[in-house]
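A.B. asks: what's the 3D shape of this:
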Amino acid sequence: MNSDQIKKGVSRAPHRSLLKATGMTDGQIDRPIIGIVNSFNEIVPGHIHLQSVARAVKDGVLSAGGTPVEFNTIGVCDGIAMGHEGMKYSLASRELIADTIECMVRAHSFDALVFIPNCDKIVPGMLMASARLNLPSIFVSGGPMLSINDRLGNPMDLNSVFEAVGAYSVGKCSDEELKYYEDNACPGCGSCSGMFTANSMNCLLEAIGMALPGNGSIPAVYAARTRLAFDSGVKIMELLSSNIRPLDILTERSFMNALTVDMAIGCSTNTVLHLAAIAHEADVPFSLTLVNEVSQRTPNLCKLAPAGSHHLQDLYADGGVYAVMSELVKKDLLDTATTTVTGKPLAENLKGIKPITNAVIRDIDDPYSQTGGLAILFGSLAPNGAVVKRSAVSDEMLVHEGPARVYDSEDEASEAIFAGKAAPGDVIVIRYEGPAGGPGMREMLSPTSAIAGMGLDKQVALVTDGRFSGATRGAAIGHISPEAQSGGNIAYVKDGDTISINIPDYRLDLKISPEELETRKKEMSIKPKKKLGGYIGRYMRYVSSAEKGAIVE
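C.D. replies: As a prediction, this is how the structure comes out:
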């Protein structure tokens with residue numbers, strides 16, 4: 001066992017003595033030592049209940065003959081970090097999560113690992129660590145928050161509050177109504193209830209093979225979540241016995257499966273960043289052109305919030321992620337020979353699975369669209385690519401040309417939007433918010449929700465080298481590469497320039513001549529990098545572009 005390094009032989013008597021100081025017995029030390037990697041904290045609603053999830057995992061490990069040992073890593077709530085400097089730290093925390101887990105596991109020689117993530121950057125950070133460490137591993141998340149209906153019978157989520165703020169700014173929402181959404185839209189623990197980034201990644205854990213069926217959709221407060229956690233604790237002992245490791249699961253074929261499910265269920269644009277970063281750790285080829293190839297052949301089968309009114313509890317009620325996959329295999333869109341943490345190939349896991357009602361999961365022959373939920377756009381404004389959640393864009397905005405309204409930060413753009421300076425037809429450009437320029441590639445749910453709350457989401461587009469929340473809807477195009485800070489063409493856009501968006505043709509263009517662009521590059525200066533110390537300063541100096549997943553090289 002890997003843990004023999006800290007417990008076998010005469011020379012390890014001091015190590016055993018220290019383990020006994022924690023209360024371990026000789027019998028516990030002799031058994032496989034299973035690391036329970038928990039991201040519990042008391043500030044993030046998606047993580048506030050993870051101690052109970054960990055308790056169930058540990059009970060499963062104990063019942064199967066292992067010794068569970070829990071340790072923690074950090075977790076940032078994107079919603080609480082939104083709209084201020086805290087958001088600079090969200091994406092950057094992904095690398096810290098992977099690094100801290102590596103330190104703990106290598107230092108203490110665990111035999112296998114159970115990862116307990118929930119919110120946005122924790123899932124990919126833990127997946128990166130699992131690939132790097134390559135010890136037998138399984139994931140079980142904390143599950144999604146419930147969505148409850150408002151007084152008019154409309155389902156609510158965190159986005160409802162952000163959009164209410166936008167409506168309030170133009171007199172479409174009263175103080176009492178805003179307070180109602182604030183008090184009721186987030187009714188309890190769990191990751192925010194739409195197909196936002198956290199739930200997208202938790203669903204993709206099933207598709208890629210690293211979590212048991214149900215991981216992505218069982219609500220946080222259901223007893224089935226506790227049972228899933230117990231089963232995951234039992235299963236890690238089987239994975240250890242069978243010596244099935246992450247790199248046996250995280251193959252090129254399983255990444256293709258994850259991308260295919262991503263397109264079918266309409267995941268967050270952030271999944272592109274995270275899958276690229278995880279693939280890098282697993283040494284699996286990944287490119288933005290691959291995303292479009294998969295999107296072109298994968299029908300969009302679900303319209304979960306923000307693309308539609310359904311939430312994760314509705315997906316669960318219709319059979320969950322595995323029911324979506326059961327539709328995809330009808331057209332041979334998945335590789336069902338891939339290994340999973342069940343110890344069986346995907347084909348065996350899918351036997352007998354199908355949607356329960358088809359109310360949330362469309363039949364493969366009756367999709368919402370013939371193409372997937374995400375699209376990568378290329379063109380003179382984004383030579384190396386940009387990403388949009390196509391399934392959340394209204395038909396009116398799939399093809400659009402309009403005058404640029406340029407802002408050098410999210411703060412400037414938000415101030416202008418709330419001041420009523422966004423006009424129908426505009427293309428709002430927010431730059432210097434990329435991985436290095438931000439730094440940290442801030443999510444921008446505030447400006448997009450303000451636009452939606454003002455009723456302009458079918459008339460105004462936003463493009464940025466930063467990111468958008470998975471809760472964003474409308475023509476919001478992010479991850480423009482190269483970013484402004486690196487001299488990308490977005491740095492040379494001027495107010496009034498015409499920007500052309502053609503999502504069906506995968507194009508994003510700045511409508512000026514090549515000669516004019518070259519002239520601007522000679523005349524306009526790139527803003528100097530911010531002078532920042534601490535971790536975020538180091539991150540800024542070493543982070544790569546969005547097209548590479550914003551990894552730290």
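
A.B. asks: Report the buried residues of stretch 72-87.
C.D. replies: Asn72, Thr73, Ile74, Gly75, Val76, Cys77, Asp78, Gly79, Ala81, Met82, Gly83, Met87 (16 or more other Cβ atoms under 10 Å). (Each C-beta comes from the backbone N, C-alpha and C, glycine too.)

A.B. asks: From the opening residue of it to its closing one, how far?
C.D. replies: 22 Å (Cα to Cα, to the nearest Å).

A.B. asks: Residues contacting it, please?
C.D. replies: Outside stretch 72-87, the residues within contact range by Cβ atoms under 8 Å, 6 or more residues apart in numbering are 37-41, 43-47, 89-90, 93, 96-97, 100-101, 104, 117-122, 125-126, 158, 192, 197, 410, 414, 440, 442-443, 445-446, 469.

A.B. asks: Try it again at 7 Å.
C.D. replies: By Cβ atoms under 7 Å, 6 or more residues apart in numbering, the list of residues contacting stretch 72-87 from outside reads 37-41, 43-44, 47, 89-90, 93, 96-97, 100-101, 119-122, 158, 192, 440, 442-443, 445-446, 469.

A.B. asks: And the buried residues of stretch 72-87, which is the shakiest by pLDDT?
C.D. replies: In terms of pLDDT, the lowest of these is Gly83, showing 85.

A.B. asks: Name the nearest residue to Ala207, sequence neighbours excluded.
C.D. replies: Val261 (3.7 Å; Cβ to Cβ, 6 or more residues apart in numbering).

A.B. asks: residues in contact with that neighbour?
C.D. replies: By Cβ under 7 Å, 6+ apart, Val261 lies in contact with Cys203, Leu204, Ala207, Val321, Val324, Met325.

A.B. asks: number of nearby residues for Ser63?
C.D. replies: Ser63 has 12 neighbours, counted by other Cβ atoms under 10 Å.

A.B. asks: Go ahead and confirm it touches Val234.
C.D. replies: Yes. Counting by Cβ atoms under 7 Å, Ser63 does reach Val234; the two are 6.3 Å apart.

A.B. asks: next helix or strand past the helix or strand bottoming out on mean pLDDT in the chain?
C.D. replies: The weakest-scoring helix or strand in the chain, judged by mean pLDDT, DSSP states H and E, is helix 445-453 (a mean of 86). Per DSSP states H and E, the first helix or strand lying C-terminal to helix 445-453 is strand 461-464.

A.B. asks: by contact count, what packs against that next one?
C.D. replies: Under the contact criterion of 3 or more Cβ pairs under 7 Å, 6 or more residues apart in numbering; DSSP states H and E, strand 461-464 touches strand 427-430, helix 445-453, strand 476-481.

A.B. asks: quick one: strands adjacent to that strand?
C.D. replies: Applying DSSP bridges to the sheet, strand 461-464 is found paired with strand 427-430 (parallel), strand 476-481 (parallel).

A.B. asks: So which bits of the shortest one are buried?
C.D. replies: Same thing as strand 427-430. Val427, Ile428, Val429, Ile430.

A.B. asks: What separation do you get for the second one and Met524?
C.D. replies: Here Ile428 is placed at a distance of 19 Å from Met524 (Cβ to Cβ, to the nearest Å).

A.B. asks: do the same with the third one
C.D. replies: Taken as Cβ to Cβ, the spacing of Val429 relative to Met524 amounts to 14 Å.
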